[in-house]
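Asks: A structural model of the following input is requested.
(2 chains)
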Amino acid sequence: MGELDNTEESKGQTVAALSDNIKLDRLGAGDLTTFESLFQEYYDRIYGLLFRLVGSRAEAEDLAQEVFLKLYHHAFTHKRFQRDREHNIGAWLYRVATNMGYNAIRSRQRRWQRNVYLVPDPADGLNTEAEVTRRETAVTVRNALAKLPERQVQLLLLRQMDLSYAECAEVCGVAPGSVGTLLARAAAAFRAAYDEEIGGKP
Amino acid sequence: MNQSDHELQDVMDKLAALEPTAVDAPHRIRALAHMRQKVTAVETQRQPGRLQHFFTPSPARRMALTIASLIVVFAIALSFPAVRTAASEFLGLFRVQTFAAVSVSPEQMALLQKLAQEGLNPGKVTIVDEPGLEEIVPNLAEAGQLTNLTPRTLTALAPPADIRVLDGGSGYITIDLAGARAILAATGVDPALLPDTLDGARIEMSASAGIQQRWTDGLLLLQAASPTVEYPAEVANPTLLAEAFLRVLGLDAAEAQRLAQEIDWTSTLLLPLPANLVSFQEISVDGVSGLALQNLEGTVSALIWQKNGVLYLLQGNTSFTELAVLAASLN
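Replies: A predicted model of the protein is given here:
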């Protein structure tokens, strides 16, 4: 991605952040319309991120509800949002969703007494061969991701969801200029882990 | 596309296996409906806790009404329990000398909120003298002159960043017996606990001006003469009415009866507190017994006490034990 693109993205990011401060003020004043507007804007992507992380529809839905409830609660109490700096609601939501997703995985891990990360709930309703293959691939991918640091997983998933480098940088808390390098490292780590999972098969 | 881009794209293609399929696609509308229910539940639990005002840094104007709000809460509480002895024939007078707190379950709060939304009220509040705007004053001495109070401050800290005088106000509540009885019936309490003579009884309330001091870290000290509530002879049989009120708050019959008999309703302010938001305990503060309130996270606390006819509220973004240490420096 070229430098011009990054600059344009940065401008867009600033505008979004300024606008988000106003939204947070409205949220803090109990404006439900603003809250629902944010829900409509971000729900699909937050759900999508959580689904990729936990691999279960029901769990991803529950977690997405918790993420937005957290936004509502924190905006209302102003505990997390300070007015003297700019905020990016989308980035905040992605960060909270990632944390909640990983917390759920750890909780599930403790519950099941398993030593494997990111294992989805037992699959049900496998109707077609294609579906079975897809699920098997998904399990392999998740097992490979489980060997990576959480920050690398977060970065890979966000990028796979078509977030821009600037957006990825905002969510992950890194400099926009370093995203390309970090992505390349994460991709290399994933490829190594994936190859290990499939036993060197192509 | 160079080699690196190809490798990254290959990884992205593999990760695509994690995407939700059509079967797992998000149901945003359904999710929004669930979200609305949850937000409504949060609001239902939050709203009845008028004390929430104490836990939220108050913007301009709101604090000017704090004492008046407090009075309304007092009055609603007092609209059920009688605050005079049966032997008295004339107006009784209530002044806050001590506090009691009752924990109310979220379910009961939600029920009472629902009843209020349906228009069931124990009485009609009429404001006679609406509190005016708060006034910023340069120092405590001037605040004292305007309020006839002897200002006290936290000597352990630097002088407050902001000193304001809050206007007083007055009003009355007219008991609506049908509404009060309907609330009792809806909460499973015998409506006959409330005597016919209660209908239309008028309870007068008045609040004096107060002094508010704020520090930069959100610490707030409020000082005001204890508000007064006067009530007519129709408001009789204190323990029976108090018992009805406690039952409405969700206490079982035996516990409500015991508490109603133990509490001196001529001087005790009963605070119903949402169990899922606030914990409380008695605390020794400023040489007297007061009430310590704290949110369940332990991040916001408040102390309330009365001394020499003056009501104090100290609130901050810290634990109540730290507030008590600060309160020891009051002078």
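Asks: wouldn't residue B:253 be in contact with residue B:247 here?
Replies: Yes: counting by C-beta atoms under 8 Å, residue B:253 does reach residue B:247; the two are 6.7 Å apart. All C-beta spots, glycine's among them, are computed from the backbone N, C-alpha and C.
Asks: Show me which of those two is the more surrounded one.
Replies: residue B:247 (22 against 13; other C-beta atoms under 10 Å in any protein chain shown).
Asks: Using the three-state scheme, assign the closest residue to that one other than its chain neighbours.
Replies: Nearest residue to residue B:247, sequence neighbours excluded (C-beta to C-beta, 6 or more residues apart in numbering or on different chains): residue B:189, at 4.2 Å. Under DSSP: H, G, I helix; E, B strand; the rest coil, the three-state class of residue B:189 is coil.
Asks: so what pLDDT did residue B:189 get?
Replies: On pLDDT, residue B:189 comes in at 84.
Asks: contacting residues around it?
Replies: B:244, B:247, B:248 (C-beta atoms under 8 Å, 6 or more residues apart in numbering or on different chains).
Asks: Could I get the full set of helices for chain B?
Replies: Listed in chain order, the helices of chain B (DSSP state H) span B:3-15, B:28-46, B:52-55, B:66-78, B:106-117, B:140-147, B:177-186, B:238-248, B:253-262, B:320-327.
Asks: Same question for chain A.
Replies: A:3-28, A:32-54, A:57-77, A:89-112, A:129-145, A:150-160, A:165-172, A:179-197.
Asks: tally of neighbours for residue A:150?
Replies: Here the count is done by other C-beta under 10 Å, and residue A:150 has 15 residues near it.
Asks: I'd like to know how far the closest residue to it other than its chain neighbours sits from residue A:49.
Replies: In this structure, residue A:150 finds its nearest non-sequential neighbour in residue A:102, 5.7 Å apart by C-beta to C-beta, 6+ apart. Using C-beta to C-beta, to the nearest Å, residue A:102 is found at 11 Å from residue A:49.
Asks: Likewise for residue B:242?
Replies: Taking C-beta to C-beta, one finds residue B:242 at 54 Å from residue A:49.
Asks: Where does pLDDT dip in chain B?
Replies: In the predicted model, chain B carries pLDDT under 70 at residues B:1, B:43-96, B:131-132, B:231-238, B:297-298.
Asks: Contact distance from chain A - what residues of it qualify?
Replies: B:4, B:7-8, B:10-12, B:14-21, B:23-24, B:26-28, B:31-32, B:34-36, B:38-39, B:42-43, B:56-57, B:299 (C-beta under 8 Å from any C-beta of the partner chain).
Asks: Next up, the contacts around the nearest residue to residue B:193 once chain neighbours are set aside.
Replies: In space, and not counting its chain neighbours, residue B:193 is closest to residue B:244: 4.1 Å by C-beta to C-beta, 6+ apart. By C-beta under 8 Å, 6+ apart, the residues touching residue B:244 are B:80, B:184, B:189, B:193, B:194.
Asks: do that again at 10 Å, thanks
Replies: B:80-81, B:180-181, B:183-184, B:187, B:189-194, B:237, B:256, B:260 (C-beta atoms under 10 Å, 6 or more residues apart in numbering or on different chains).
Asks: which among these gets closest to chain A?
Replies: Relative to chain A, the closest of the contacts of residue B:244 is residue B:183; by C-beta to the nearest C-beta it sits at 25.8 Å.
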